[in-house]
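In: Curious how this folds, go ahead:
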Amino acid sequence: MEWLGEVPEHWELVPLKHMADFINGDAFKPSEWAESGIPIIRIQNLNGSEEFNYYQGEVEPRYLVHDGDLLFGWSGNRGTSFGPFLWRHKEVCALNQHIFRVMPRSINKYSLFWILKAVTAHVEDQAHGIIGMVHITKGDLGAISVPTPSVAEQSAIAGFLEYEMSKIDALVEEQRRLIELLKEKRQVVISHAVTKGLNPDATMKDSGVFSLGSIPSHWSVRSVNAIARVGNGSTPHRERLEYWNHGSYPWLTSTVVNQEEVTEAEEFVTETALLECHLPRVSAPAVLIGITGQGRTRGMASTLRFEATINQHIAYVSPRDACVSVDFLRRVFDSLYSLLRTESEGGGSTKGAITCEQILRLKVGLPPLNEQLQIVEWLTARIGHCDELVAEASRAIDLLQERRTALISAAVTGKIDVRGMAKEQTA
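Out: Prediction:
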């Protein structure tokens, strides 16, 4: 088989349907969800989410999942929720559709787990669906033939991979902790610079604002309303072709605030849309802030570098005069990320939203313009170094993940003989 290449001569090739039963979950309706009862395993729970929906009726035994059961997400995102999982949860749970409960027949559960891990990349290539989200049918999955060594070799491979994967996972976790520490340091550096300045010997005064504390005595305290214009946009009706066809004016969604700077648009609207949908023409440079959502986007800030308009999930902040640097103001909003999220209407829920009025009421410490520019220049160098270290750690994680995938594939397909290695690991 082309995707497997060569395998040891004494190994067999067996279709997955002969090695295990794949039992699809039940189609629990949203109207049947409850606040208590049996937890329902959905795709998001495969990735560790502890937010469950519950079911209070009778559940057929074939849909019940116990701690340690082998599952396979057959409709999910590439690289995350698609593929095999060993379920870890003390409570008995009910299985939702889009997930198979895998019942091994003539093979060890852990050996089958690693085989499914190895073929997941192949399954994703063959699966139907758009980029990102994929799915595969029970028939297509069961028809895939996989290499099957002897029971003794299965055990050796499982032991070897468990040992090696634990080492790789530990290294990945170290890099993730490093990334979090670097991000925390980045936030502290920004917050200190935009509230205390760069001179450690500067005379300080009480700002009168709890979130600011003491600021240099020559700084002023201003409301955002006094120094900038704030507003947000809208989404023209998608079915009104006159709003979108041959559009030439850039229109931005909230995903852009995940960028350091916004320099281009993916969608464009027409002049008719600008006029009839009350879309603002935001001149550059300006600060963009994500104002809705449960994820990290709410409260994130970015710098707009070209004229554009925005949807209702973003606010723009444009200085009223030349005494305020957009780049300094951007770093001020970086420092206010946690405050904005905490004080958002419905903060912490899917209805969480930051309002333009909330942004306008914020009080900020404002140094003279030349000092603003000095702070921006200093921060650019300092946080640039932090960002480089984060990028290096992210690349290290990618390399470790590639090694993980390659090692699993090599062991499961017999490209490396792990029998001796497994003995050394357990010695």
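In: remind me which residues of this protein are low pLDDT?
Out: Residues of the chain that meet the criterion pLDDT under 70 lie in 125-132, 294, 345-351, 421-427.
In: Show me the domain layout of it.
Out: Domain assignment of the chain by automatic domain parsing yields the ranges 1-148, 150-219+367-427, 222-361.
In: and those domains as CSV, adding mean neighbour count?
Out: Glycine gets a C-beta too; all of them are placed from N, C-alpha and C. What follows is the domains of the chain, written out as CSV (neighbours: other CB atoms under 10 Å):
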stretch, mean neighbour count
domain 1-148, 16
domain 150-219+367-427, 15
domain 222-361, 18
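In: contacting residues around the closest residue to residue 149 other than its chain neighbours?
Out: Of all residues beyond its chain neighbours, the one nearest residue 149 is residue 11 (5.0 Å), with distances taken as CB to CB, 6 or more residues apart in numbering. Counting by CB atoms under 8 Å, 6 or more residues apart in numbering, residue 11 makes contact with 147-149, 414.
In: Could you work out the most separated pair of those residues?
Out: 148 and 414 (10.4 Å; CB to CB).
In: if we can go back for a sec, quick one: which of the contacts of residue 11 sit in strands?
Out: Cross-referencing the contacts of residue 11 against strands under DSSP state E gives 147-148.
In: Residue 250 and residue 318: what is the separation?
Out: Using CB to CB, to the nearest Å, we find residue 250 at a distance of 16 Å from residue 318.
In: Repeat that for residue 333.
Out: 13 Å.
In: Please enumerate the helices of the stretch 251-400 of the chain.
Out: When assigned using DSSP state H, counting those that start in this stretch, the helices of the stretch 251-400 of the chain occupy the ranges 271-276, 326-335, 337-342, 356-361, 369-412.
In: Just put those in CSV and tack on distance to residue 122.
Out: Written out in CSV, the entries for those read as follows (distance: least, CB to CB, whole Å):
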stretch, distance to residue 122
helix 271-276, 45
helix 326-335, 43
helix 337-342, 41
helix 356-361, 49
helix 369-412, 9
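In: starting at the chain centroid, how far to the helix or strand containing residue 175?
Out: Residue 175 belongs to helix 151-196 when elements are defined using DSSP states H and E. Relative to the centre of its chain, helix 151-196 is centred 15 Å away, using CA atoms, centre = their mean, to the nearest Å.
In: Ok, stretch 134-145 next?
Out: In terms of CA atoms, centre = their mean, the centre of stretch 134-145 is found 27 Å from the chain centre.
In: Span of it from start to end?
Out: Stretch 134-145 has its terminal residues 20 Å apart, counting by CA to CA, to the nearest Å.
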